[in-house]
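Undergrad: Sequence first, predicted model second:
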Number of protein chains: 4
Amino acid sequence: MAGNTFGKQFRITTWGESHGKALGVVVDGVPAGLPVSEEEIQRFLDRRKPGGSRFSTPRKEADAVQILSGVFEGRATGTPISLLIPNTSQRSSDYGEIASYYRPGHADYTYDAKYGFRDYRGGGRSSGRETAGRVAAGAIASLLLKQLGIRVCAYTKSIGPVACEGFCEEEIARNPLCMPDADAASRAEGFLEECMKQSDSAGGVVECFADGVPAGLGDPVFDKLDAALAGAVMSIGAVKAVEIGDGTAAALARGSESNDPFRMEDGSVKKASNHAGGILGGISDGSRILLRAHIKPTPSIFSEQQTVNRNGEDISIRIRGRHDPVIVPRAVVVVEAMTALVLADALLSNMTARLDGIKNFYRV
Amino acid sequence: MAGNTFGKQFRITTWGESHGKALGVVVDGVPAGLPVSEEEIQRFLDRRKPGGSRFSTPRKEADAVQILSGVFEGRATGTPISLLIPNTSQRSSDYGEIASYYRPGHADYTYDAKYGFRDYRGGGRSSGRETAGRVAAGAIASLLLKQLGIRVCAYTKSIGPVACEGFCEEEIARNPLCMPDADAASRAEGFLEECMKQSDSAGGVVECFADGVPAGLGDPVFDKLDAALAGAVMSIGAVKAVEIGDGTAAALARGSESNDPFRMEDGSVKKASNHAGGILGGISDGSRILLRAHIKPTPSIFSEQQTVNRNGEDISIRIRGRHDPVIVPRAVVVVEAMTALVLADALLSNMTARLDGIKNFYRV
Amino acid sequence: MAGNTFGKQFRITTWGESHGKALGVVVDGVPAGLPVSEEEIQRFLDRRKPGGSRFSTPRKEADAVQILSGVFEGRATGTPISLLIPNTSQRSSDYGEIASYYRPGHADYTYDAKYGFRDYRGGGRSSGRETAGRVAAGAIASLLLKQLGIRVCAYTKSIGPVACEGFCEEEIARNPLCMPDADAASRAEGFLEECMKQSDSAGGVVECFADGVPAGLGDPVFDKLDAALAGAVMSIGAVKAVEIGDGTAAALARGSESNDPFRMEDGSVKKASNHAGGILGGISDGSRILLRAHIKPTPSIFSEQQTVNRNGEDISIRIRGRHDPVIVPRAVVVVEAMTALVLADALLSNMTARLDGIKNFYRV
Amino acid sequence: MAGNTFGKQFRITTWGESHGKALGVVVDGVPAGLPVSEEEIQRFLDRRKPGGSRFSTPRKEADAVQILSGVFEGRATGTPISLLIPNTSQRSSDYGEIASYYRPGHADYTYDAKYGFRDYRGGGRSSGRETAGRVAAGAIASLLLKQLGIRVCAYTKSIGPVACEGFCEEEIARNPLCMPDADAASRAEGFLEECMKQSDSAGGVVECFADGVPAGLGDPVFDKLDAALAGAVMSIGAVKAVEIGDGTAAALARGSESNDPFRMEDGSVKKASNHAGGILGGISDGSRILLRAHIKPTPSIFSEQQTVNRNGEDISIRIRGRHDPVIVPRAVVVVEAMTALVLADALLSNMTARLDGIKNFYRV
């Protein structure tokens, strides 16, 4: 149990159910002096908010964040920052019948198997709404990264079979699918319309990079930077695969193709290519960190499905309620948030790696 | 720092460099009463041992394990089990020149960036030899799983472009590539011979399943069972992607294809398919757990490469020494070990999920 | 940093400043099925509430707790329980001048030394109000202990030089000092009146016992049950010493006086005495757990004191505002809460100690 | 379970039984570049070694430490340092009969209650020999502290009723009881002779201070510096009470006596007294850290005692074997080691407290 805390030095604890009174997160280990405001956090939350397009659930949630502690006169005090997001649009009536059966592809059955019963309203804690706390905390992590010259950027790489070919960062915010390629976005919208007509849903891939990460972050062996990223991203509901750098393609390459040659540039060690995705031996190498998350289709589909109920009977169901036909665009900011959280934690952890750094810090 | 410990309840701490006096692991949290012997652990280590075929490094290491504590009269006492594996075949002379430059695809540069200097002999802590401790600990985890009716099995799914089509479990131990398909193994050997002729190396995919895992393991949110598996497997050097169940294919499917219908079988809830790989909402669903690790080619290749030295000069190098042209077959038991460690930990953690289970345990 | 989380399996994270919007706690790892209600938690909080007598600060706080998540239909769901306690009586004006100087015996200087600045209103996070979250979480831990037949009871053992001689449990709730001896309470009140007349403050001792704790709780070496209790109790502000069993008196005894002989009673192993305080080798022995916390006098006194200000000048100050002349009675429920939290965590952790217990749990 | 690991950033894991093959410790998180040698560690171990005087067990152990990993060319590499101490003087025959009964004051019964069986040879893991690993690790922590200008010093404050009055640091190493007062040491020796004649044993108090600790170490709330010290010191077997600063005396004082006035000295904030023992609000205040550990008499006494055996029968026993009549002098270096470990960890953890410190570190 007790799986609701993430990170070591920069550590978050999320709480809250889809249809409870509120959701929230406690962010511990934020360095004192960091400028933090509700506005900055809200900007992140707004990117995750439902109701933004015809490809997301019509549930309307303001997702208005409140800072309850840990910030004084606009700066973090070093004590825990508690963030609260009230739930305002609970239509529990939609979910009454979920109490009695197990939706395929959902966590209804496994929660019952583990806990003996569950808060069935809207998936309870297994709902995608759980990610609101992650995103709010990720906003604070991003504020810290920004102070250190690091920028994290995530976007939709593909929806079903439709993949981006070009990359225009400004485009990401312009289309409802968060794709950096307007043409791909347009084709993906067509594909999604088709899925919706068939009462079906789609998956896709989120890609995320981080620039400005100094070489040396991450700890060898179990706390490798790529291991931390993989665990963090796989902990997002519906993610079924995580790749770093070339990812699955690396397994098909030869060593001579996969190795990135080092070379000097402006007096610094750089790499001529980046098949590794910015991480060697679990430690950042100073080049761009690159990862991809593969996300399964929304399991809530409106066509008929076979399942069982709590009485142990085979039944046919049709799911009702408000559901996203694709969650990939809303997962973009969640992947970005988890990446930012891992990097913030790695930056703090790394400060104790060397005696000379410690002596400098304590001026001895 | 302090990244050499893995697990919460079933917790291991590994130590040791490639060319130091010894390697080892401390396994804490082993339930008292578990039968443990050096023989059982040795069987696992022998599967990882180098020198087994022409596709692995000719370095000969007995990798003979000693139990130094925590076992009394053949059974675990509940106190930490310390395992020691002496290093016997250190030819450090091969590595002298590595001290002065950064091998592409290796951790030489990043260790220097992080720590300011490094034990350059054979890669030090970043060497594949580090996994000996994981495998020894994984052997103990497997002994625990066996007591609970759980079996983990890993094998080579593909080498470069050559993938298994059939599955014959007995075959895994019969060919040096640990493939469950004799025909694929034969073709993969041909492919590897070709790579070696070109002084090049190959990657591949390890697949791993676990049968007998009860429904209910894993904790929601950050400690999802799939998140723990992804982090564990990605922490193995050279792994660049991890998939659960359908993995990357899930992102291409539609919801109606990806969902696994539930159905009753012999009075139990079962699934008609297993696209999910045995995990829903981060919690095991009682079906087979399935994952894949994508492994990059060995970075130590014998052809000429461009890199830089510690003086900041661009140079050309040719790596010498003893290196595996493919590490995938030796990684098989490492993936199996990490999977076993995650499952052992999840089994122990899960015991406190429900009040009724706790009351039964304490007989109140 | 990140020091606001306590416990492993039963884990709490507290947040909130004295004069912020609210205080709260997230309780993770509560077993599903445990009956939990705001009423039960409120009963604990009311014991800590200020304004109860002339010996506590006149600040009035309702300390009304709200459950925001993790409880469904009156029972814990196994997901985190978020508890919120709004602050309602902030008279920050009292604290304006604290911003500029360091109160002796307080954390003003050390917070500034650590964080560079601080939320000076009412001591911010270093205020005794911080313990509200601990008490709310301790209430839930106590509910769990009650289900397992364990009862924790704390009381004031002494105030300044006035110590209890008799013990009447019912008396604890009858006098404002929480002493189990009416006569001692009466004398202690006289002593406190005297202190208050002199603008001074007093300290004292809280004693706490737990009955019904099964033998076998606690982990050898660093996580000994007494070590966990000592750390937990010493983490309460103003505690300067912790004793287990005979405590400091043990150092004066001889082995023949200190050892507790074992003997059989009704077929069970019992002890003829309990100098050890219920713990041997860091593991509970089935007899009463007994500890004492020594608490320093309230540092906020109304007489003139010497100190320095933030400009580095020596100054004389007189503290104003609302302060308890003795915090011992209000600390009673905090010591009880921390003891309950440690025991709840130890009960959960202990379930994985033996293979036979695990096999029984999983019915294999 | 899994209670054999201590610390967060500077983290140790100990293992080994009294009569197993060896004992040891893995020290993780040692900053790269720290000079470390077997000689320096051995100096600490020699202070704990048995057989030094007629007041300690005649068991002779070389306690010769070997560094197996993590040190290269005389400096820590940043990877785990594994230390091994072979057991050489196992006379298990002395302990055969312990298998069948429970020694009063020992952990025999509680280990059986927890684990179902135990390694009964010499107390197994509950033996005082377990502290060898702590001391070896504490030696490395002390090397780090020394680099930062911090010095930890422990000594025997009292044996039974005989307390030191004077303080001469050089004297500590001159008498077998490690007392800083030659006269008290002489009287304590007389007292111990008397105890031994009566087949009895004695307890006492160890005091420990740390000079040079900068203000700002320790984290508010649960990870207060005093809480960490109390937990660390109470985790040493036989410790029954821990005091910080004035300790138990603080509870008897008035606020006007207990508060330490601040004053400026040479441009720095100092305190005119140190009742607090160097810690305010859980954070170091720059003055001397001071603590005391109260240690019970050795439970192994040679007079007749009542107890029960594993068959549940009341019996009389006389313990044989080699036992210290007082363990206090041998515990001195253990208290010093645990204090050093806590301070080393706090120093590393503290580096991330402030944004300006982080920006300086990363030169942005």
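TA: Good, I have the coordinates.
Undergrad: Does the host helix or strand of residue A:140 reach chain D?
TA: Using DSSP states H and E, residue A:140 sits in helix A:131-147. Yes - Helix A:131-147 comes into contact with chain D (Cβ under 8 Å from any Cβ of the partner chain), by way of A:144, A:147. Placement of C-beta: from N, CA and C, glycine included.
Undergrad: any residue of that helix up close to chain C?
TA: No - between helix A:131-147 and chain C, judged by Cβ under 8 Å from any Cβ, nothing touches; the nearest distance is 10.0 Å.
Undergrad: Just the angle for the helix or strand that that helix is followed by relative to helix A:131-147, thanks.
TA: Following helix A:131-147 in sequence order, the next helix or strand is strand A:151-159 (DSSP H and E). Counting by axes from the mean of the first three to the mean of the last three Cα atoms, to 10 degrees, strand A:151-159 points 130 degrees away from the direction of helix A:131-147.
Undergrad: so which strand or helix has the nearest residue to residue A:80 once chain neighbours are set aside?
TA: In this structure, residue A:80 finds its nearest non-sequential neighbour in residue C:15, 4.0 Å apart by Cβ to Cβ, 6 or more residues apart in numbering or on different chains. Per DSSP H and E, residue C:15 falls inside strand C:11-16.
Undergrad: Tell me how far residue A:328 lies from chain D.
TA: 34 Å (Cβ to the nearest Cβ, to the nearest Å).
Undergrad: That should have said residue A:166, apologies.
TA: For residue A:166, the distance to chain D - Cβ to the nearest Cβ - is 32 Å.
Undergrad: which residues touch that residue?
TA: A:180-181, A:183-184 (Cβ atoms under 8 Å, 6 or more residues apart in numbering or on different chains).
Undergrad: let's go with 6 Å and repeat that
TA: Listed by Cβ atoms under 6 Å, 6 or more residues apart in numbering or on different chains, the contact set of residue A:166 reads residue A:181.
Undergrad: And it, how close does it get to residue A:15?
TA: According to Cβ to Cβ, to the nearest Å, residue A:166 and residue A:15 sit 41 Å apart.
Undergrad: So residue A:251 lies in a strand, does it not?
TA: No - counting by DSSP: H, G, I helix; E, B strand; the rest coil, residue A:251 is located in no strand; its state is helix.
Undergrad: thinking again about what came up before, how about the strand holding residue C:15, which residues are buried there?
TA: C:11-16 (16 or more other Cβ atoms under 10 Å in any protein chain shown).
Undergrad: closest to chain D among those residues?
TA: Proximity of the buried residues of strand C:11-16 to chain D (Cβ to the nearest Cβ) peaks at residue C:14, which lies at 6.4 Å.
Undergrad: Poorly predicted segments of chain A, please.
TA: Applying pLDDT under 70 to chain A picks out residues A:1, A:51-52, A:58-59, A:90-95, A:322.
Undergrad: quick one: furthest residue from the center of it?
TA: residue A:364 (41.0 Å; Cα atoms, centre = their mean).
Undergrad: Sticking with that one, tell me its helix or strand.
TA: If you go by DSSP H and E, residue A:364 is not part of any helix or strand.
Undergrad: Surely it and residue D:148 touch.
TA: Yes - taking Cβ atoms under 6 Å as the definition, residue A:364 is a contact partner of residue D:148 at 5.3 Å.
Undergrad: Could you tell me which residues make contact with the residue of the stretch 201-350 of chain A found nearest chain B?
TA: Proximity of the stretch 201-350 of chain A to chain B (Cβ to the nearest Cβ) peaks at residue A:281, 2.3 Å away. Going by Cβ under 6 Å, 6+ apart, residue A:281 touches B:107, B:110, B:126.
Undergrad: cutoff 7 Å now
TA: A:220, B:106-107, B:110-111, B:126, B:237 (Cβ atoms under 7 Å, 6 or more residues apart in numbering or on different chains).
Undergrad: nearest residue to it other than its sequence neighbours?
TA: residue B:107 (2.3 Å).
Undergrad: correct me, but that neighbour touches residue A:280?
TA: Yes - using Cβ atoms under 7 Å, residue B:107 is in contact with residue A:280, at 5.2 Å.
Undergrad: higher neighbour count, the two?
TA: Set residue B:107 next to residue A:280 and count neighbours by other Cβ atoms under 10 Å in any protein chain shown: residue A:280 wins out with 32 against 27.
Undergrad: Tell me where the stretch 151-300 of chain A has strands.
TA: With DSSP state E, counting those that start in this stretch as the criterion, the stretch 151-300 of chain A has strands at A:151-159, A:162-163, A:204-211, A:239-244, A:262-265, A:268-271, A:279-280, A:283-284, A:289-295.
Undergrad: So what are the sheet partners of the fifth one and their directions?
TA: Strands that pair with strand A:262-265, judged by DSSP bridges, come out as strand A:268-271 (antiparallel).
Undergrad: got it, and the third one?
TA: Sheet pairing of strand A:204-211 (DSSP bridges) gives strand A:151-159 (antiparallel), strand A:289-295 (antiparallel).
Undergrad: tell me the angle of it relative to strand A:239-244?
TA: Using the same axes, to 10 degrees: strand A:204-211 against strand A:239-244 is 30 degrees.
Undergrad: Could you do the longest one as well?
TA: Here the directions of strand A:151-159 and strand A:239-244 differ by 130 degrees (the same axes, to 10 degrees).
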